[in-house]
Each structure stands twice: as C-alpha cells, then as structure tokens.
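In: quick one, fold the following:
(one chain, ligands or ions: 1)
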Amino acid sequence: MAQQKKAIILESKPLNEETKLLHLKLEEGQTLNFTGGQYVIVNTNISLPQGKLAKRAYSILSRDNDQDKFQIAVKKILDGPASNYFHDSAPGTTIPFSGPWGQFFCDPSTKIQKAMVIATDTGITAALGLIQSQNFKNCVKKFYLLWLVESLNYFLPPSFLEEKLGADCAGFFIRIIPGVWNPERGARSLELFKLFLEDRMGELSFLSGDGNLLYPFKDELLAQGFNDSQIKIECFFNNPFKKITTQRLV
Ligand SMILES: Cc1cc2nc3c(=O)[nH]c(=O)nc-3n(C[C@H](O)[C@H](O)[C@H](O)COP(=O)(O)OP(=O)(O)OC[C@H]3O[C@@H](n4cnc5c(N)ncnc54)[C@H](O)[C@@H]3O)c2cc1C
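Out: Sure, this is the predicted structure:
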C-alpha cells in the first residue's frame, strides 16, 4: 500500500477566477523524494455517490530541489469535488496524500540534444515540473515547449510560465485550440502539433494533458519514425486506458 503523507497549505493564491496556486509544506519529519514531472494523489475525504472517497492526482509544478515544500495549481472543474475542495481550503488546512507517483521523466542514462514538451490544458503543470527538474537538465541540452490551450486566461498565466522556463528553452509556443467539447478540437490540435514538429523534431517527446489529443499526437510521432520509448505520456483526463472517460458535468 502507498505510504500516506500529510502536507499543510501555507498559501492559496488565486491566479485567475478558476485557478489556485497552492503552496504546501510536508509535516515535520516527512520528505517527498519526487522527481519533477511526478504527481501526488490527494485524498479529499469527500464521499462520492458510489461510496468511494474522492482521490485525485495533481502534478507538482515546483522545482525538485526543494523536497519539503511543493506547489500544485488546481483548475476548478465545474462542481467537481476535488478541485472545489482545493479552491475552498484555507491556509492551515492539512491535506492527506500519497506519492510521488508517475514516470514522466527521463531515464537518468539519457543524453540528448533536443526534446519536445507538449502540454494541453492543465497538463502544463507536469511539463513545468519536468523541465525544471535536475533529471531533465542532466539529460537534455535544449527543449521546445508547446502549450495548446483554449484561452490565455484558462489556467496558469503565460508570464508565470515564462519565469520558469530557464536558459535551455529554445522556444515556448502557446497556441489557442477549441474547448474540450468542441468537435473541431481534435483536428485543429493535430494540425498545430504537426506545424510545431516541422522545424523542431527532437529525440524525445513528453506529452501531457487531454488523452483525446495526446494519443493522436503519439500516432503522428510514430508515423514520423519515432518509437514507443521516445514518447512519454501523462494523461490528465480522457485516458483511454481508464474505464471512465470525461463526463460532461452540465
Ligand atoms: C497525473 C495527473 C495529474 C494531474 N494534475 C493536475 C494539475 O496539476 N492541476 C489540475 O487542475 N488538475 C490535474 N489533474 C486532474 C485532477 O486529477 C482532477 O481530475 C481534476 O481536478 C477534476 O477533479 P474533480 O474531483 O474536481 O472533478 P471530477 O468530478 O473528477 O471531474 C469531472 C470530469 O472532468 C475531467 N477533467 C479533469 N480535468 C479536466 C480538464 N482540465 N478539462 C476538462 N475535463 C477535465 C475528469 O477526468 C472527469 O471526467 C491531473 C490528473 C492526472 C491523472
């Protein structure tokens, strides 16, 4: 069974109407031991109608040189239990969680010139954690970052991201795509993804966010000669390997 840990909310800062940045500190004597790109699973202790507790994953977006404190950003998803729990929790609240979890980082023996990091929607948190990590800096000389998102006000502000990119970032691109329920979203996103690849083909790619977009991106990379081991995916929602896909809440 996963080791249970606790963290206290030090600060909860609204970045826009639907986004909160949470600064958390582990309880005395605990340490996170995470690599940038990984996530925690928070137990909200809220009972769902089926009787289960609402436990949700959140990628750590702060740098992994600090293992006692960490940051997550949470977007409010309509009346979703966990995202509202975070939006309503005040500093001082204790959050039970497990982790770190996930494999969204480089094999430490990797040494490459160029990586491509592509995030959609809230998936940008995993990308941020990854590119700031010591592991990524050791393995990758430079990287390009593409963020596909429905508006500049959707989640983390662009200025917040720009501050964290570092000197190894050879280019950061934000492209606006149709929202999750728009039937043109898939085709438009794939078109933008292909354009991005034209002059920026790297040796490794990291994809995070909406599974409905990421798996067609993966197919495109495979068609262009990539193999499975060069493609890492962190699916935040619409994960085709999970039984439940995104339900429309309204
Ligand atoms: C590895 C991983 C890392 C994650 N990291 C983050 C993070 O850093 N920040 C963050 O805000 N969320 C993140 N998520 C999503 C998060 O776990 C929850 O799914 C989200 O907060 C909604 O939870 P909820 O209980 O409020 O609503 P729920 O009732 O669980 O959600 C309702 C539906 O919305 C879907 N959904 C989740 N996110 C979105 C979205 N952005 N757009 C459209 N539909 C969505 C869910 O899959 C679900 O089907 C991550 C998910 C995974 C798997």
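In: okay, CA-based contacts and neighbour counts for the rest of this
Out: OK.
In: how is this protein partitioned into domains?
Out: 4-101, 112-237 (automatic domain parsing).
In: in the chain, which spans are helices?
Out: Ranges of helices in the chain, per DSSP state H, are 81-88, 124-131, 134-139, 158-162, 185-197, 211-223.
In: quick one, longest strand in this protein?
Out: Secondary structure of the chain per DSSP state E: the longest strand is strand 4-16.
In: tell me the mean pLDDT for it?
Out: Per-region confidence: strand 4-16 scores 97 on mean pLDDT.
In: so what's the gap between that strand and the chain middle?
Out: 17 Å (CA atoms, centre = their mean, to the nearest Å).
In: over to stretch 136-147?
Out: For stretch 136-147, the distance to the chain centre is 15 Å (CA atoms, centre = their mean).
In: got the CA coordinates for stretch 20-33 in CSV?
Out: Extracted in CSV, the C-alpha atoms of stretch 20-33 (Å, rounded to 0.1, in the frame of the first residue of the first chain):
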residue,chain,number,x,y,z
LYS,A,20,-5.5,28.5,-7.5
LEU,A,21,-1.8,28.1,-6.8
LEU,A,22,-1.2,26.1,-3.6
HIS,A,23,2.0,26.2,-1.6
LEU,A,24,2.2,23.1,0.6
LYS,A,25,4.7,22.0,3.3
LEU,A,26,5.1,18.5,4.4
GLU,A,27,4.5,17.6,8.0
GLU,A,28,7.6,17.6,10.2
GLY,A,29,9.9,14.7,9.6
GLN,A,30,8.4,13.8,6.2
THR,A,31,10.0,14.4,2.8
LEU,A,32,8.6,14.0,-0.7
ASN,A,33,11.5,12.5,-2.7
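In: go ahead and confirm G129 touches Q38.
Out: Yes: the criterion here is CA atoms under 8 Å, and G129 meets it with Q38 at 7.4 Å.
In: which residues are in contact with both of these two?
Out: 59-60 (CA atoms under 8 Å, 6 or more residues apart in numbering).
In: how near is the most centrally placed residue in the chain to M201?
Out: Centre of the chain computed as the mean C-alpha position; nearest residue by CA atoms, centre = their mean is A126, 2.8 Å away. Taking CA to CA, to the nearest Å as the measure, A126 falls 21 Å from M201.
In: and for I124?
Out: For I124 relative to M201 (CA to CA), the value is 20 Å.
In: the two: which is more packed in?
Out: I124 (27 against 15; other CA atoms under 10 Å).
In: show me what from the protein comes close to the ligand.
Out: Within the chain, the positions adjacent to the ligand are 39, 56-59, 72-75, 77, 80-84, 121-122, 125, 234-237, 245-247 by CA under 6 Å from any ligand atom.
In: let me know the pLDDT of T245.
Out: Reported pLDDT for T245: 47.
In: quick revisit: against C235, how distant is the residue nearest to the centre of the chain?
Out: In terms of CA to CA, A126 sits 10 Å off from C235.
In: surely A127 is in contact with I118?
Out: Yes: contact criterion CA under 8 Å: A127 and I118 qualify, at 7.5 Å.
In: of the two, who's got more company?
Out: A127 (30 against 25).
In: could you list every residue that touches that one?
Out: For A127, the contacting residues are 37, 61, 117-119, 206, 208, by CA under 8 Å, 6+ apart.
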